[in-house]
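>>> What follows is a predicted protein model with its sequence.
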Amino acid sequence: QVQLVESGGGLVQPGGSTRLSCTASGSIVDINSMAWYRQAPGEQRDLVATIFAVGTTNYADSVKGRFAISLDNLKKVVYLQMNSLKPEDTAVYYCKAVATSTGRAYYDTYWGQGTQVTVSS
């Protein structure tokens, strides 16, 4: 099994910055990719950014140029640096990992519990 624990977030002023972290633990054999999603009240959960173990990244158009995802594969931590924050970035941010664990022949998808980011003055 793989556990994901997010940290960071909180209340940020418009135009400000913050960094989210997500640490993966458990009987991890290999991580294929990690990603950040977000869900605003009454909205669906949307992909924000993805990073693959080989380093490839993808971003939602709404965050391109403002957010940056990075992965410390040795520590199994994924970060989301969020700059130039806007009120519409307010949401619960979830970490997702696609990974194999001991005794599993396939990659499984794991989710963190989410962390709130509120952008407001």
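That came through, no problem. Please read these numbers as outputs of a predicted model, since none were measured by experiment.

>>> Lys96 is in contact with Asp108, correct?
No. With contacts counted by C-beta atoms under 8 Å, Asp108 stays clear of Lys96, the gap being 10.9 Å. Quick note: C-beta positions are derived from backbone N, CA and C, even for glycine.

>>> buried sites along stretch 63-74?
Residues of stretch 63-74 classed as buried under the neighbour-count rule (16 or more other C-beta atoms under 10 Å) are Val63, Phe67, Ala68, Ile69, Leu71.

>>> Quick one: end-to-end distance for it.
The separation between the terminal residues of stretch 63-74, taken as C-alpha to C-alpha, to the nearest Å, is 26 Å.

>>> before we move on, what about stretch 82-99?
With C-alpha to C-alpha applied, stretch 82-99 spans 25 Å between its terminal residues.

>>> just to revisit the earlier point, give me the more crowded residue out of Asp108 and Lys96.
Counting neighbours by other C-beta atoms under 10 Å for Asp108 and for Lys96 shows that Lys96 has the greater number, 20 against 12.

>>> is it fair to say the more buried one lies in a strand?
Yes. When DSSP: H, G, I helix; E, B strand; the rest coil is applied, Lys96 is found to be in a strand.

>>> residues touching the spatially most central residue of the chain, list them.
Per C-alpha atoms, centre = their mean, the C-alpha nearest to the average position across the chain is that of Trp36, at 2.7 Å. The neighbours of Trp36, taking C-beta atoms under 8 Å, 6 or more residues apart in numbering as the test, are 20, 22, 47-50, 69, 78, 80, 93-96.

>>> If you drop the residues flanking it in sequence, what lies closest to the residue lying farthest from the centre of the chain?
With C-alpha atoms, centre = their mean as the measure, the chain has its most outlying C-alpha, relative to the mean C-alpha position, at Gly103: 25.7 Å. Taking C-beta to C-beta, 6 or more residues apart in numbering as the measure, Gly103 lies nearest to Ser27, with 7.5 Å between them; neighbours along the chain are not counted.
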